[in-house]
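[1] mind looking at a prediction? Sequence and model below.
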Protein chains: 2
Amino acid sequence: MARQLSGNPVGNAVIGQSGGPTAVINQSLVGLIESLRGRQEIQRIYGMKHGVSGLVNDDLLELGSLHDGILSTIAATPSAALGTTRDKPDDEYCARIFEACRKNKIHYFFYIGGNDSSDTLRIVGQMAGEQDYALRCFHIPKTIDNDLPQSDHTPGYPSAARFVIQAFMGDNLDNRALPGIKVNVVMGRHAGWLTAASLLARKFPGDGPHLIYLPEVPFDLNRFVVDVEEVYRKHGRCLIAAAEGIQTGDGTPVLQAAEEHLDHDAHGNVQLSGTGALGDLLTHTIKHHLGDSVRVRADTFGYLQRSFCGVVSEVDQQEARDCGRFAAKIAVQGDPTGSIAIRRVNDRPYEVSIERIDLSEVAAQTRTMSPELISGHCDVSDDFFMYLKPLVGKLPVIGRLY
Amino acid sequence: MARQLSGNPVGNAVIGQSGGPTAVINQSLVGLIESLRGRQEIQRIYGMKHGVSGLVNDDLLELGSLHDGILSTIAATPSAALGTTRDKPDDEYCARIFEACRKNKIHYFFYIGGNDSSDTLRIVGQMAGEQDYALRCFHIPKTIDNDLPQSDHTPGYPSAARFVIQAFMGDNLDNRALPGIKVNVVMGRHAGWLTAASLLARKFPGDGPHLIYLPEVPFDLNRFVVDVEEVYRKHGRCLIAAAEGIQTGDGTPVLQAAEEHLDHDAHGNVQLSGTGALGDLLTHTIKHHLGDSVRVRADTFGYLQRSFCGVVSEVDQQEARDCGRFAAKIAVQGDPTGSIAIRRVNDRPYEVSIERIDLSEVAAQTRTMSPELISGHCDVSDDFFMYLKPLVGKLPVIGRLY
């Protein structure tokens, strides 16, 4: 049995980062480090390189003695400073994780990630409980997809949304200056939160994106070309936001429904990011319908959305930092496990409360956009605008002559 | 014969924007407006909507009475506020342009664009001369491609370069956090200036881009996969910058050499931008060589590079503004036609001189990267680093833990 201090185990802490990086995942890391340092219960603070794979392979960094200057630079740096992993541990892998904790006298385990990470913590925490080993397991949420349940929003999403908005603001001006049809493919396999953010790029009447397609709304290629043609006839141009995960009525990804030879990722899913295939499919469909004389182009925003250097939401930075600090705080308050939720307390002025929730409330669930945030089959509602506005910060000011 | 003032015709001025938009093309527009206003030779200041097509179709805006507040917002807005065009006027079209000038009492014609625009001005200026109509024709350079001759660099390029650098800085961190092979396709049909800019994303040892492929260096797919494999074996990851215009030894675009069914743009060129085809070709080639177990992805930066809202070089903004002002100034100094060149006077501290050059020095030429700026077949030299550094401004500070 570990030595105790006010009911808390005394020992080492470990921090890991998992899943796709975000622009603010290092804020949570630094929030944890600065709040764990100086606590009497915590002896050493380790960082696991590339998530749990670093833990089981004994690939650990010492984080407790880093200078404040380095910490503040790391906090402001996008992507995962510890490295991250796509590993989804099964029971056997989780047993190895637990053994690594025991071996390294780790009694505080913090994992910054999506719902897979919270599930890993849940299993490892259960193993520790069964073996009467005091292991506090806390999850700090991150994902640009904004699809974790229980939270108003997830750290990482506001910064990615800001990137998408600034990209659409510029591309709308570009499409207006040199008219044509433009498709922009935005990340989001099951949830349309990031694609919907493009709404905030509209400022003047007639501004795009004129059409917004989300995974939540069944997509039909024939209806799509009719939508595009209608906008094009009206405005002489058309700017389209399409989620990479748009799917047909039966839940098949549009790309899969249209093509036979597709790349699959490590989990056997169709590869949606890091390829221009969906954009090319949509532009070819439009050209086939409207003819070759119309200028049709596609861009796939890809990985720039999650790690672009220099575009970040200040609200997101602060909240990600606060989530890290809060996790460090509640780890010594009794509950053996938990995750963090951001709850919105007030809209104007914008105010949130950071709260503890059970791990089981996060694991293996996906939060898609609710119907009141969606408008028709190709737009987003005013409610969504009100929801997103306070998260992204002050946007660049743009003007127009006519 | 028009009324004269100190040897200058008295009448109206017109300003147009042509070709692909940039982040600072409106700085040149505003520089022109603010310097033309209040000059006794200038009566009205018109803007042509969508370049010369607006002039011949009588689609003009009055720009002389715009408030300073609107002008400064417009100056800071990316893309072309007047709208732009891809029209390349032939002699008959140029005759219509000249007639539109005469009809609208235009004696000062300013066209902000690439080498096609300077060629239009040259032809129209010749027609005016032959008909003894006093028409001052001045070209203000812009292009993110940086491929106009006679200048140290071209307004628009530094801001696009800054976008590319920030994108690679973030993507290098992303690729390091979640290792794999990543291809980023950068704009540039004939010149590698923008792709080469990715060099400035390297900060720490081992940072990417590890391989940089330019149109200036013959590209070989077999050598490419060997390069990639070597970097991947060494670093466990590989970040690649490839110009969209990379070509084989005989000058055939790589995409064309590899594929039969390709889209062509309005000029019959193979469509390189606004499609993910080259990125997909390169990733498929790598996978075919290294096997499916390696994580390989591609992003094509596309139009975000030229009109992204909120990423701009301050040096570029200032110089683009100064070019507009300078053009307005020299239009009343005697020469009937001319273009503007930025000459570098000093490296440290960085200092430039803005000078008049002949239109014939710009028209229909492409400036590619000279051999001393290139290193081997897949890298860029230190000379290029020294060349670009002062143009892009202070970059975001990033840190790493190991």
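    Arrived safely.
[2] buried residues in stretch A:325-333?
    Residues A:325, A:326, A:327, A:328, A:330, A:331, A:332 are the ones in stretch A:325-333 that count as buried (16 or more other Cβ atoms under 10 Å in any protein chain shown). In short, each C-beta sits where N, CA and C put it, glycine included.
[3] oh sorry, the question was meant for stretch A:147-162
    A:147-151, A:153-162.
[4] tally of neighbours for residue A:365?
    Using other Cβ atoms under 10 Å in any protein chain shown, residue A:365 is surrounded by 14 other residues.
[5] which residues of the stretch 251-400 of chain A lie near chain B?
    Taking Cβ under 8 Å from any Cβ of the partner chain as the contact definition, the stretch 251-400 of chain A meets chain B at A:263, A:266, A:273-277, A:279-280, A:283, A:287, A:295-304, A:306-311, A:395-400.
[6] narrow these to those in strands?
    Members of those lying in strands (criterion: DSSP state E): A:296, A:297, A:298, A:299, A:300.
[7] quickly list what the third one is bridged to.
    The residues listed as beta-bridge partners of residue A:298 by DSSP bridges are residue A:183.
[8] looking at chain A, which residue is nearest chain B?
    residue A:276 (1.1 Å; Cβ to the nearest Cβ).
[9] residues contacting that residue?
    Contacts here follow Cβ atoms under 8 Å, 6 or more residues apart in numbering or on different chains; on that basis residue A:276 touches A:185, A:298, A:300, B:275, B:276, B:277, B:279, B:280, B:298, B:300.
[10] how about residue A:339?
    By Cβ under 8 Å, 6+ apart, the contact set of residue A:339 is A:118, A:138, A:139, A:140, A:141, A:150, A:356, A:357, A:358, A:359, A:361, A:362.
[11] please redo it, this time with the cut-off set to 7 Å
    A:118, A:139, A:141, A:357, A:359, A:361, A:362 (Cβ atoms under 7 Å, 6 or more residues apart in numbering or on different chains).
[12] same question for residue A:363.
    Counting by Cβ under 7 Å, 6+ apart, residue A:363 touches A:115, A:118, A:119, A:122.
[13] redo the residues you listed as JSON lines? Include distance to residue A:192.
    As requested, the contacts of residue A:363 are exported to JSON lines (distance: Cβ to Cβ, whole Å):
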{"residue": "A:115", "distance to residue A:192": "18"}
{"residue": "A:118", "distance to residue A:192": "22"}
{"residue": "A:119", "distance to residue A:192": "24"}
{"residue": "A:122", "distance to residue A:192": "28"}
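[14] of those residues - the most surrounded one?
    Neighbour tally across the contacts of residue A:363 (other Cβ under 10 Å): the maximum, 30 neighbours, falls on residue A:118.
[15] ok, residue A:189 to residue A:147 distance?
    9 Å (Cβ to Cβ, to the nearest Å).
[16] same question, residue A:35
    Counting by Cβ to Cβ, the gap from residue A:35 to residue A:147 is 27 Å.
[17] likewise residue A:279?
    Counting by Cβ to Cβ, the gap from residue A:279 to residue A:147 is 22 Å.
[18] ok, residue A:56 next?
    Applying Cβ to Cβ to residue A:56 and residue A:147 gives a distance of 27 Å.
[19] can you classify the residue nearest to residue A:322 when sequence neighbours are not counted by secondary structure?
    In space, and not counting its chain neighbours, residue A:322 is closest to residue A:354: 5.6 Å by Cβ to Cβ, 6 or more residues apart in numbering or on different chains. Judged by DSSP: H, G, I helix; E, B strand; the rest coil, the three-state class of residue A:354 is strand.
[20] residue A:354: how many residues sit nearby?
    By the criterion of other Cβ under 10 Å, residue A:354 has 17 neighbours.
[21] can you find the helix or strand of chain A with the lowest average pLDDT?
    helix A:254-258 (a mean of 82; mean pLDDT, DSSP states H and E).
[22] okay but residue A:195 is in contact with residue A:212, surely?
    Yes. Counting by Cβ atoms under 7 Å, residue A:195 does reach residue A:212; the two are 6.3 Å apart.
[23] okay, and the common contacts of the two?
    residue A:241.
[24] list the buried residues for stretch A:394-402?
    Quick answer for stretch A:394-402 (16+ other Cβ under 10 Å): A:395, A:396, A:398, A:399, A:401.
[25] show me the contact partners of it.
    A:165-166, A:169, A:173, A:203-204, B:47, B:61, B:70, B:73-74, B:76-77, B:81-82, B:309-310.
[26] okay, and which of those residues map to helices?
    Counted as lying in helices by DSSP state H, out of the contacts of stretch A:394-402, are A:165, A:166, A:169, A:173, B:70, B:73, B:74.
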